[in-house]
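> need a structure here:
(3 chains)
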Amino acid sequence: MKIIQKEITLNKKTRGFHLITNEILSLIPEIKKIKKGIAQLFIQHTSASLTINENADPTVRSDMEAYFNIVVPEDADYFEHTLEGTDDMTSHIKSSILGSSTMIPVTNGSFNLGTWQGIYLCEHRNNGGRRRITITILGEE
Amino acid sequence: MKIIQKEITLNKKTRGFHLITNEILSLIPEIKKIKKGIAQLFIQHTSASLTINENADPTVRSDMEAYFNIVVPEDADYFEHTLEGTDDMTSHIKSSILGSSTMIPVTNGSFNLGTWQGIYLCEHRNNGGRRRITITILGEE
Amino acid sequence: MKIIQKEITLNKKTRGFHLITNEILSLIPEIKKIKKGIAQLFIQHTSASLTINENADPTVRSDMEAYFNIVVPEDADYFEHTLEGTDDMTSHIKSSILGSSTMIPVTNGSFNLGTWQGIYLCEHRNNGGRRRITITILGEE
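Next comes the predicted model:
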């Protein structure tokens, strides 16, 4: 049993949903040695999140952004935590709905994702900057 | 430390929320050997999801279906990703809200769930077909 | 590789979102021995949940409570599962949106959280009582 743990920093993303499967894999060549196990991607922030969704059509990502902007509206007048702008509290809410962590099975040296699955970084801030992710892989070589 | 990893395929389900704890357990007799550890159930699709909820009253499952149909409405006119029907983009959204993976502690050879907890398969498509789940158990015998 | 698994019981909380990082850490001194690994916190209930969010400003927690009360309304007339009151079905829904489990990397004897991250217990019932959490840590000493 082997544990690989490292912190990576993603390139800055615009607000919205971004497919990051390949960016992540390029930063963890160590995964190639793992025959079976499990990987956690954990984002070290409370205004961006990680999820798994469709990896082919960009309109899935833009529809996700449109949907979450409607269901978590920035013009809600009851939010108190808005010091950093109208995208402040809404980003925290989206982060808890979508989750700060994603768990993925690892098989034969890579993520064991379905044909149509990819990893999304969900950037909820207008100007979120670079995001740090702690990756932990538990598995057998 | 032992890692069990296998892919199972569930029987086809109708659209809605389904209690699958026993169906899952019947497909992984290997779990009986694990004294303590953790199990991941990971669905290999982006239009169905997995969650933990109440295991007794069927109206919890029908109320869940009713709620998510309202909060993720199929008649929203701004969705672009609707090639496969009005249940296409909404299924992707529900999948990210509820999650493609569920993690469950394993104790004394079975899932360590609360008295009222069960595993749900959430089928978001009108005609989703059979769903594949990758199960990974990390634990001690 | 070491597996620590134990069940803890939190002090009773009022309805709403509560920062519990320190309460959790005080109940698992065993974590100090783990150099790297992963921890799961799993709540044994279907009307309360666990999430990671901002650890400093209390208005984040009150805004979260306000938001979820609006998006999962107790006066929805279509819910059937309301035997235990108007906070019954809504608590189950919030529990699946926010999740019954949270996964956190463990590094150098503690949770590896971002500067602004903390663990929340989300109590969805008006009178939820004490909540049991099963903690499983997989890691290396």
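
> for chain B, give me its nearest residue in chain A.
In chain A, the residue that lies nearest chain B is A:G114 (3.3 Å; C-beta to the nearest C-beta). (C-beta placed from N, C-alpha, C; glycine too.)

> now do the SS call for the most centrally placed residue in chain A.
Here the mean C-alpha position of chain A is nearest to the C-alpha of A:L50 (C-alpha atoms, centre = their mean), at a distance of 2.2 Å. Under DSSP: H, G, I helix; E, B strand; the rest coil, the three-state class of A:L50 is strand.

> what does chain A put close to chain C?
With C-beta under 8 Å from any C-beta of the partner chain as the criterion, chain A meets chain C at residues A:1, A:3, A:5, A:40, A:42-46, A:71-72, A:76, A:78-81, A:89, A:92-93, A:95-97, A:99-101, A:103, A:132, A:134, A:136, A:138.

> next one, pLDDT for the residue of chain A closest to chain B please.
Here, the pLDDT recorded for A:G114 equals 98.

> what of the one 3 residues further on?
Residue-level confidence at A:Q117 comes out at 98, pLDDT.

> how about it, what does it touch?
Neighbouring residues of A:Q117 by C-beta atoms under 8 Å, 6 or more residues apart in numbering or on different chains: A:52-55, B:44-46, B:100.

> name the member of these with the most neighbours.
Counting neighbours by other C-beta atoms under 10 Å in any protein chain shown, A:I52 comes out on top of those with 29 neighbours.

> got a list of what A:E141 touches?
A:2, A:33-35.

> kindly recompute the last result at 10 Å.
Contacts for A:E141 were tallied using C-beta atoms under 10 Å, 6 or more residues apart in numbering or on different chains; they are A:1-2, A:33-37, A:109.

> wait, doesn't A:I31 sit right on A:P105?
No: in this structure, A:I31 is not within contact of A:P105 by C-beta atoms under 10 Å, at 11.7 Å.

> who has more neighbours, the two?
Using other C-beta under 10 Å as the criterion, A:I31 and A:P105 rank with A:P105 on top: 23 against 19.

> phi and psi next, for that one.
For A:P105, the backbone dihedrals (degrees, to the nearest 10) come out as phi -70, psi 150.

> residue contacts, it?
A:36-39, A:111-113, A:139, B:5, B:7, B:40-42, B:44, B:101, B:133-136.

> at 7 Å what do you get?
Each residue near A:P105 by C-beta atoms under 7 Å, 6 or more residues apart in numbering or on different chains is listed here: A:38, A:112, B:5, B:40, B:42, B:134, B:136.

> equivalent analysis for A:S91, please.
Counting by C-beta under 7 Å, 6+ apart, A:S91 touches A:47, A:124-125.

> compute the distance between it and A:D57, please.
Counting by C-beta to C-beta, to the nearest Å, the gap from A:S91 to A:D57 is 25 Å.

> same question, A:I119
Counting by C-beta to C-beta, the gap from A:I119 to A:D57 is 16 Å.

> for A:V71, the count of nearby residues, please.
A count of neighbours around A:V71, defined by other C-beta under 10 Å, yields 17.
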